[in-house]
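Student: Based on what follows, work out the 3D shape:
(one chain, ligands or ions: 1)
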Amino acid sequence: MRMLYKLIIPSIMMILSLSACKNAAKPAPEAKDDFNYFVEQFEDIRVLRYKLPAFESLSLQQKKYIFYLSQATIAGRDILWDQNFKYNLLIRKTIEAIIDSYSGDKESAEYKEFLTYAKRVFFANGIHHHYSSDKFKPGFPESFFASLIKGSDPKKLPVAEGQTVDQLISFLSPVIFDEKLYARKIEQKAGADMVAESAVNFYEGVTQKEVENFYAGKVVSDDPRPISLGLNSKVEKVNGKVTEEVYRSGGKYGAAIDNIIIWLEKAKEVAETEAQKKELGILIEYYKTGDLKKWDEYNVAWAKNSDQMVDYINGFIENYEDPLGMKATWEAIVDYTDIEASKRTKIITSNAQWFEDNSPVQPQYKKEKVTGVAAKVINIAMLGGDSYPPSPLGINLPNADWIRKDVGSKSVTLANITNAYDIASQGNGFLEEFAADQEEVDRIKKYGTIADALHTDLHECVGHASGKLAEGTDPNALKNYASPLEEARADLFALYYAMDKKMLELGLLPNEDAGKALYDGYLRNGLLTQIVRIKPGKEIEQAHMRCRSAIAHWAYEKGKADNVVAFIKRDGKTCVKINDYKKLQTLFGELLKEIQRVKSEGDFEAGKNIIEDFGVKVDPALHTEILERYAKLNLAPYTGFVNPVLTPVYSNGEITDVIVEYVNDYLGQMMNYGKNYSFLPAIN
Ligand code: ZN
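Tutor: Down below sits the predicted model:
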């Protein structure tokens, strides 16, 4: 399960990566630590890079381990391209040949349009938009595409044996330019044959019905440990018979898988623990055989191994791209524990009982004995496959239900990726546009990231874990309001304590201003800016958004008489100003107490009223104003990353160190990967 920003972080700044924009090439904002996270922006995409904090202080063995795993992370790249669409690799290799060898005018407007198209295709790992699933429309004419190919080195073009360059042109032109052909990567509209009408390459020459029948015959009923049926294969018709071609060494994608195995074998030699060596051995076995029982065995081992510093994911994992939700795309990352941030979660977890005992909740609804949830904070060392360039912000795996139930799962937040988002978003004009005054802007710039991180930690480690139900209360009593109310309960727990002196005592926040920064951001988001994600005339539906809106509007209304929070106008623009932070904390405490009571007693009506009265509606005039102001900022709704380059230093044939280089050339990285990490033919 991937956690995206919209799911995990009720963020101060994360919200900016939404809504649409065009071609706003922004100057790189100066980050507060002088590291420039911004790489470039085109169409609806913003590209950043990320830092590897404290990488230098890892042991040589850990660095080697990370290096080998990072190679296994990039080695499978071609697989995802082919999975996304059967001609993606042919198109990518053609684009690479053009960029590499086109001899015509590279300053022309048409060539620049071609480069933008190429960048979009690289970002999406194919010719369909990574989020909307629509095929890209090139901003240059078909005739120009032909002249690009003709002006390139024919030896570099992916021309098949016995084929001419002209044949390549006439084959590719409709694939790229015919708007009706392969129009959607995933088609799930009602009445569609989701298999036949989706361009995604998990099926060939079969209908949805045929696929469903094929797998219906394979389900073993009453299996308490069912395999993830159909996870790692393509279904096609051979001689009129529906068959499955499995991704494995010697099978489908074998050449790329063999390269992944080479690096996993090396990684296995330097893994930190015996348990992890064993785990890697099972993964290699799985890649060799494609056996889904092995995949489960591997995941059990992986889920149990959580003590080591370095970890990774590598395999066919998420099924979001299959219209039938069965087949998984190839994905990989390498990561290592963020010791500083994990110290923070440890402090919180070890004080869980204090937080419980001192909360404003009624004594009968507090837990006598509360254990915080240990969530690990990690830093990414390499992104690959379906996690690159767009990356998740949190990951919770494995996916198999029975493993989650019997063995458990690992839940991690990606600190350096989140940090890059946050800092790169400073200076894009969003904060200046919506903050009430300069003081607020300065406070957020100084403390926004730590305040945000602390909020997430308190929410996850103690917020959800706190409180108990009254005896006899139906745990499902709150029905459709359970989810926004539960998020509100965890958020309020965090908000209440963020302004408590305990934060300073425990060293979790540097001073009270950091707590204020959290309140500023939360109220601004809940009362103003989160509605940039809502279409005009619509109401708020998503649970986290309802939660934030309910908390902010409830506190605003209840504090109205004392002017605790106010809507003000700055240069005619609506802003939110907090006048009394201590009173606001008291209000958060009151609402926490009430929502805990609602949950503990299963008071459906009261819970419903909190959400419906404060969390759902959008003021139409304010909405119009916010949308207009937001549109003027030209922010890119989607973000992705370039990877650092990890280079081993050798002495007498032995690796003695691994050096991190932070490159900032997006297209250069794509060309490099195409040249050095491409193991599959143009057509598979
Ligand atoms: Zn939550």
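
Student: tell me the domain ranges of the chain?
Tutor: Using automatic domain parsing, the domain parsing of the chain gives 4-34+426-640, 87-182.

Student: Tell me what the closest residue to residue 390 other than its chain neighbours is bridged to.
Tutor: Using Cβ to Cβ, 6 or more residues apart in numbering and skipping residues adjacent in sequence, the residue nearest residue 390 is residue 640, 4.3 Å away. Using the backbone N, CA and C atoms, a C-beta is placed for each residue, glycine as well. When bridges are taken as DSSP bridges, the partners of residue 640 come out as residue 47.

Student: Kindly report the same for the one 10 residues further on.
Tutor: Each beta-bridge partner of residue 650 is listed here: residue 655, as defined by DSSP bridges.

Student: related to what we said a few turns ago, the residue nearest to residue 390: neighbour count?
Tutor: By other Cβ atoms under 10 Å, 21 other residues sit near residue 640.

Student: my guess is it meets residue 122, correct?
Tutor: No - using Cβ atoms under 8 Å, residue 640 and residue 122 do not qualify as a contacting pair, with a distance of 9.5 Å.

Student: can you list residues touching both of these two?
Tutor: Common neighbours of residue 640 and residue 122, using Cβ atoms under 8 Å, 6 or more residues apart in numbering, are residue 389.

Student: still on that earlier bit, I'd like to know how far the residue nearest to residue 390 sits from residue 231.
Tutor: Using Cβ to Cβ, to the nearest Å, one gets 25 Å for the distance from residue 640 to residue 231.

Student: Look up how far residue 209 lies from the residue nearest to residue 390.
Tutor: The span separating residue 640 from residue 209 equals 37 Å under the rule Cβ to Cβ.

Student: In PDB, list the C-alpha atoms belonging to stretch 278-293.
Tutor: Output for stretch 278-293, consisting of C-alpha atoms alone and laid out as PDB, is shown next (Å, rounded to 0.1, in the frame of the first residue of the first chain):
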ATOM      1  CA  LYS A 278      18.000 -15.600   4.200                       C
ATOM      2  CA  GLU A 279      15.200 -13.300   3.100                       C
ATOM      3  CA  LEU A 280      17.200 -12.100   0.000                       C
ATOM      4  CA  GLY A 281      17.800 -15.800  -0.800                       C
ATOM      5  CA  ILE A 282      14.100 -16.400  -0.900                       C
ATOM      6  CA  LEU A 283      13.500 -13.300  -3.100                       C
ATOM      7  CA  ILE A 284      16.100 -14.600  -5.600                       C
ATOM      8  CA  GLU A 285      14.400 -18.000  -5.600                       C
ATOM      9  CA  TYR A 286      11.200 -16.300  -6.400                       C
ATOM     10  CA  TYR A 287      12.600 -14.300  -9.200                       C
ATOM     11  CA  LYS A 288      14.100 -17.500 -10.600                       C
ATOM     12  CA  THR A 289      10.900 -19.500 -10.500                       C
ATOM     13  CA  GLY A 290       8.000 -17.000 -10.500                       C
ATOM     14  CA  ASP A 291       6.500 -19.200  -7.800                       C
ATOM     15  CA  LEU A 292       3.900 -17.100  -5.800                       C
ATOM     16  CA  LYS A 293       4.200 -19.400  -2.800                       C
END
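
Student: avg pLDDT for it?
Tutor: Across stretch 278-293, pLDDT averages out at 98.

Student: One more: stretch 243-262?
Tutor: Stretch 243-262 comes out with an average pLDDT of 98.

Student: Before I go, just wanted to say thanks for your time.
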